[in-house]
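Colleague: Show me how the following folds:
(one chain, ligands or ions: 1)
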Amino acid sequence: MNRKLIFELSKRNCRGYILPEWEDNTSIDSIIPQNLIRNEDLLIPELTEGEVIRHFTNLSACNHSVDKGFYPLGSCTMKYNPRYNEKAANYPLFSTVHPYFPSELIQLPLMIMYELEEFLKEITGMKSVTLQPAAGAHGEFTGVLLMRAYFNRKGEERKKILIPDSAHGTNPASCALGGFKPISVNSSDKGGIDLNHLQKLVDKDTAALMLTNPNTLGIFESNIASIREILNKVDALLYMDGANLNALLGYARPYDLGFDLLHINLHKTFSTPHGGGGPGSGPVAVNEKLADFLPVPNVRKENNTYYLDFENKNSIGSVMNFWGNFGVIIKAYCYIRMLGGNGLKKATEAAVLNSNYLRALLKDNFKLSYETDTLHEFVLNGSNLKNVGIKTIDLAKALLDYGFHAPTIYFPLIVKEAIMIEPTETETKETLDCFACIMNEILRIAEVNPEKILNAPHKTPVGRLDEGEAVKRLNICYFEDNENITPLCE
Ligand SMILES: *Cc1c(COP(=O)(O)O)cnc(C)c1O
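Modeller: Residues are numbered from 1 along each chain as shown. The predicted structure is shown next:
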């Protein structure tokens, strides 16, 4: 692969495209104001069109993606997504629609949003849904604002939200951003909430507990009824981080479990490839207590006609300007319609089965921190890798040489040298067998030749990077000419 920057490939006066000669005799100076005329050469690379296309096409193939290979990134649900959804999302009717079109002209897009809300209500058991938030974290933030509005209405100003120590980092961040103090709750030795610690922390100043279920260890919180009881004593709310809803579809509904509200990551559970920085979609579903406060506008249906309703006098306001992420909504809608209720249930079954199959293949050579059963993902404890002279980071890097994306590592924080694996429902038994085989093979290589693993990866476009340094010293370069390299920032 050609690893030069496009600026390094540049050749003086090389052109990809040439404009026709200027035909009349007026000079450019008489048409363009003096202050807008460039005095120096424009610093852009000079190449033929073909060279530009090849450069970027080659670059685009450097990154690993779910279309290239297995991507077992725990917590992120990196699954293959049906191509049909992309096609549907790209129909001009959807890709060119504008929220200010008169509602008569956009009945179909409005219907899809309305029906998606209905599906999400059925799946979660909740009473109302907003499709506004643009990501899971944004959904959390919206949920926090809803909870604040709920207590304000009751004339209370509670300050604390409790969050288990296994939670995703966005949970405390969203609480802090919404004006609450995030307080950490310990996990028990079974991997669920430590009820005694929870009991000690809950008081009249507690607005809510924010619980991921199943949690980031893949463990279903079996004490949910006792947790609800503890919270009820002080009328605190129970928020569900629904990022792992793909483990519950058709089996358990957050409303029935006693949750007051949750966010749903459409881009994790209901199709849409992600990981490239968005867009995502993080709808929030709420019970009766919180419906009044939902953001506006909302899609409504009257006499078989759909429209956007901007009225809701207790609303927290808008959390986004309309739906720039509309494609994600279309993909989730298609996915749900294509699979149907039984299909969604089967997807959950397959995700849980795949995860447990892989866990069984790995648990003898890698340690588990918790023996508790897991659902769609599991976390290995990499601390015994030191027996063969490597660490979790080295194992992760070595996997890249075999065409796998690394699992999520060093998260959740409560597991030492954590290796968090989520195979998803879309992987075959052959892929899982192959992955387990390679994981075990890396251990074997490390035993005889640890250097090879410590220096991995060897086959990727760039080798082992100093990750700490790379974060601190961003080095973006441009080239004034082929010899003289000028860093823009160091
Ligand atoms: C992904 C994830 C989030 C954040 O969701 P985004 O859509 O990435 O903002 C929150 N909690 C958990 C458990 C997650 O896995």
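Colleague: where does the stretch 151-300 of the chain come near the ligand, residue by residue?
Modeller: Proximity of the stretch 151-300 of the chain to the ligand is confined to His168, Thr170, Thr212, Thr216, Asp241, Ala243, Asn265, Gly280, Gly282 under the rule CB under 6 Å from any ligand atom. Placement of C-beta: from N, CA and C, glycine included.
Colleague: Next, format those as a markdown table and append pLDDT, secondary structure and neighbour count.
Modeller: Below are these laid out as a markdown table (pLDDT from 0 to 100; DSSP: H, G, I helix; E, B strand; the rest coil; neighbours: other CB atoms under 10 Å):
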| residue | pLDDT | secondary structure | neighbour count |
| --- | --- | --- | --- |
| His168 | 96 | coil | 22 |
| Thr170 | 97 | helix | 19 |
| Thr212 | 98 | strand | 24 |
| Thr216 | 97 | coil | 26 |
| Asp241 | 98 | strand | 28 |
| Ala243 | 97 | coil | 29 |
| Asn265 | 97 | coil | 27 |
| Gly280 | 92 | coil | 21 |
| Gly282 | 97 | coil | 29 |
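Colleague: Quick check: mean pLDDT of stretch 244-263?
Modeller: Per-residue pLDDT values over stretch 244-263 give a mean of 98.
Colleague: excluding its backbone neighbours, what's nearest Tyr306?
Modeller: If the residues on either side of it in the chain are set aside, Tyr306 comes closest to Leu110, at 3.6 Å by CB to CB, 6 or more residues apart in numbering.
Colleague: any idea how far that neighbour is from Pro295?
Modeller: Leu110 sits 17 Å away from Pro295, going by CB to CB, to the nearest Å.
Colleague: swap in Glu349?
Modeller: For Glu349, the distance to Pro295 - CB to CB - is 34 Å.
Colleague: can you check Glu288 too?
Modeller: Separation of Glu288 from Pro295 (CB to CB): 17 Å.
Colleague: more crowded one of the two?
Modeller: For Glu288 versus Pro295, the count of surrounding residues by other CB atoms under 10 Å is larger for Pro295: 20 against 11.
Colleague: among the residues of the stretch 151-300 of the chain next to the ligand, which two are most distant?
Modeller: Greatest spatial distance in those: Thr216 and Gly280, 18.1 Å, computed using CB to CB.
Colleague: count of residues packed around Pro297?
Modeller: So Pro297, with other CB under 10 Å, has 18 neighbours.
Colleague: Domain ranges for this protein, per the record?
Modeller: Structural domains annotated on the chain: 6-62, 83-339, 343-470, as defined by automatic domain parsing.
Colleague: burial of the closest residue to the ligand within the stretch 51-200 of the chain, as a residue count?
Modeller: Minimum separation of the stretch 51-200 of the chain from the ligand (CB to the nearest ligand atom) falls at Gly136, amounting to 2.3 Å. Counted with other CB under 10 Å, the burial measure for Gly136 works out to 25 neighbours.
Colleague: ok now do it, which residues does it touch?
Modeller: Counting by CB atoms under 8 Å, 6 or more residues apart in numbering, Gly136 touches Thr170, Asp241, Gly242, Ala243, His263, Asn265, Lys268, Gly280, Gly282.
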